[in-house]
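> Kindly return the folded structure for what I paste below:
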Amino acid sequence: MQKRKLGSGGLEVSAVGLGCMGMSFSYGPPQDKREMIALLRAAVERGVTFFDTAEVYGPFLNEELVGEALAPFRRQVVIATKFGFDLGPRSDPRGMNGAPALNSRPEHLRQAVEGSLRRLGVETIDLLYQHRVDPDVPIEDVAGAVRDLIGEGKVQYFGLSEAGAQTIRRAHAVQAVTAVQSEYSLWTRALETGVLPVLEELGIGLVAYSPLGRGFLTGKIDENVRFDRSDFRSTLPRFTPEALRANQVLVDLLGRIAARKQATAAQIALAWVLARKPWVVPIPGTTKLHRLDENLGAISVELTPDDLRDIDVAAAQIAVQGARYPEQLERLTGR
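The predicted model follows:
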């Protein structure tokens with residue numbers, strides 16, 4: 001599989017990674033553990049070397065799953081995890097019942113890392129992200145704490161998630177930021193005006209989560225879908241029947257390009273992300289082997305400059321309806 005480099009410190013990963021959240025969290029009950037282990041190992045066999053998890057996914061279950069599944073391949077893969085949510089007994093990190101609590105105090109950060117190391121069964125975390133910027137803790141203190149952990153050999157690379165441009169600059173001045181993970185797809189492009197230029201200037205990679213719009217850009221979800229209350233999408237403004245109906249025009253656009261390229265809408269959506277910059281790595285999630293194969297097939301889809309121009313011209317005329325997060329979660333991004 002093709003490889004891409006994140007940051008300037010030599011971190012090399014597969015051009016498409018695997019987001020593991022949905023195996024244990026957010027999209028309904030956790031999936032069967034044995035089936036997910038088999039899927040993770042099948043991804044390695046297909047050349048995927050980049051796997052994304054977080055302590056909050058479960059919480060904790062997803063790190064344990066990823067650690068167990070990837071133990072036989074430890075030297076072949078890069079595992080990224082995240083800290084930063086307060087995971088007390090009353091915590092609500094998905095914001096289903098209000099604003100989630102954050103905690104990036106250095107002493108808590110260190111505890112979180114020790115827990116992640118134990119659950120993943122590793123001696124070093126390959127890539128450690130701050131999951132959301134904590135307004136109560138200066139980013140310099142966070143970056144300094146991670147710098148210390150890197151010095152101790154417990155972390156190799158530092159990343160941020162959903163951070164604003166100035167926060168990225170401030171963190172990078174203390175400890176080199178290897179990657180920023182943010183939502184990025186044809187229907188979520190806000191970071192193009194502020195964050196992307198800063199990443200390019202500083203030599204920081206972008207890890208694009210939800211590159212398939214939480215499944216919508218695959219063309220398999222329409223206004224008639226009804227999500228279970230345990231599915232995070234049931235709370236998202238962009239997934240109301242009215243928004244899904246209005247945004248169908250974007251899926252129709254992908255479908256037209258896909259027909260021309262003998263590909264699927266999902267593959268065109270991923271190929272578009274891959275074509276943005278050589279330092280952008282999408283991490284679509286899935287719990288199904290055939291979807292994994294479909295997603296990896298996007299690497300072989302070549303979008304010409306004319307294709308990309310056609311997509312951008314058409315997409316510019318589409319006003320995406322619905323916020324990507326409820327207000328209490330959106331406030332946690334772009335800080």
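> can you give me the strands in the chain?
3-6, 11-14, 18-19, 50-52, 78-83, 125-130, 155-161, 177-183, 205-209, 280-282 (DSSP state E).
> tell me which residues of the second one are tucked away?
Looking back up the chat, that one is strand 11-14. Buried residues in strand 11-14, counted by 16 or more other CB atoms under 10 Å: Leu11, Val13, Ser14. Bear in mind the C-beta positions are built from the backbone N, C-alpha and C, glycine included.
> One more: the first one?
Along strand 3-6, the positions that meet the burial threshold by neighbour count (16+ other CB under 10 Å) are Arg4, Lys5, Leu6.
> what separates Ser210 from Lys261, distance-wise?
From Ser210 across to Lys261, the span is 22 Å (CB to CB, to the nearest Å).
> Between those two, which is the more surrounded one?
Ser210 (22 against 16; other CB atoms under 10 Å).
> For the more buried one, give its distance to Thr188.
Using CB to CB, Ser210 is found at 7 Å from Thr188.
> What of Leu61?
27 Å.
> Looking only at neighbour counts, state which of these two leads.
Using other CB under 10 Å, the more surrounded residue of Leu61 and Thr188 is Thr188, with 19 against 16.
> who's in contact with that one?
Ser210, Gly213, Val320, Arg324 (CB atoms under 8 Å, 6 or more residues apart in numbering).
> tell me, how many neighbours does the closest residue in space to the third one that isn't next to it in sequence end up with?
This means Val320. Nearest residue to Val320, sequence neighbours excluded (CB to CB, 6 or more residues apart in numbering): Trp187, at 4.9 Å. When counting by other CB under 10 Å, one arrives at 23 neighbours for Trp187.
> and the one residue sitting closest to the centre of the chain, what is it in contact with?
Residue closest to the mean C-alpha point of the chain, counted by CA atoms, centre = their mean, is Tyr209 at 2.7 Å. Residues near Tyr209 by CB under 8 Å, 6+ apart: Gly19, Asp52, Gln181, Ser182, Glu183, Tyr184, Ile283.
> go with 7 Å
Contact analysis of Tyr209 by CB atoms under 7 Å, 6 or more residues apart in numbering lists Gly19, Gln181, Glu183, Ile283.
> Reformat those residues as JSON lines; add pLDDT.
Below are these laid out as JSON lines (pLDDT from 0 to 100):
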{"residue": "Gly19", "pLDDT": "98"}
{"residue": "Gln181", "pLDDT": "98"}
{"residue": "Glu183", "pLDDT": "98"}
{"residue": "Ile283", "pLDDT": "98"}
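> closest to Ala316 among these?
Among these, Glu183 lies closest to Ala316 (CB to CB), at 19.2 Å.
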